[in-house]
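In: My questions concern the predicted model and sequence given below.
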Amino acid sequence: MSSQRYPPEFKDEAVRQVLERGYTVAEVSQRLGVSTHSLYKWVKAVKPDKSDEQAAELVEAKSEILRLRAQMRRIEEERDILKKAARYFAREPE
């Protein structure tokens, strides 16, 4: 079993071919002469960063939705109060 070391630039380019260019792990590993196991490990090591970023964006989007829903409820209540006031003042004096 050989324990060949690859420079970080080589690993980054291999992972970039899989993630950004859409090649399969098998294609890239065969072309570069790297084991598929190693390439899967390299890809997995990079992906958590992206999923963490996506999770943070999702949490931020959800909090924005909650804030906007609360604002919409408040504005609808204000609108309803103004409608009632308009009806009250539109009545003819008795």
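Out: Nice, I can see it. Numbers count the residues shown, from 1 in each chain.
In: and the residue minimising distance to the centre of the chain, helix, strand or coil?
Out: For the chain, the residue sitting closest to the mean C-alpha position, by C-alpha atoms, centre = their mean, is Gln54 at 2.8 Å. Three-state call for Gln54 (DSSP: H, G, I helix; E, B strand; the rest coil): helix.
In: So for it, what pLDDT did the model give?
Out: As predicted, Gln54 sits at a pLDDT of 79.
In: Please report the distance of it from Tyr40.
Out: According to C-beta to C-beta, to the nearest Å, Gln54 and Tyr40 sit 20 Å apart. The way it works is simple: take the backbone N, C-alpha and C, and place the C-beta from them, glycine included.
In: now swap in Ser29 and tell me
Out: Counting by C-beta to C-beta, the gap from Ser29 to Tyr40 is 9 Å.
In: which of the two has more neighbours?
Out: Ser29 (19 against 13; other C-beta atoms under 10 Å).
In: so for the helix or strand harbouring Glu9, what's the average pLDDT?
Out: Under the criterion of DSSP states H and E, Glu9 resides in helix 8-19. For helix 8-19, mean pLDDT is 90.
In: Thanks a lot, catch you later.
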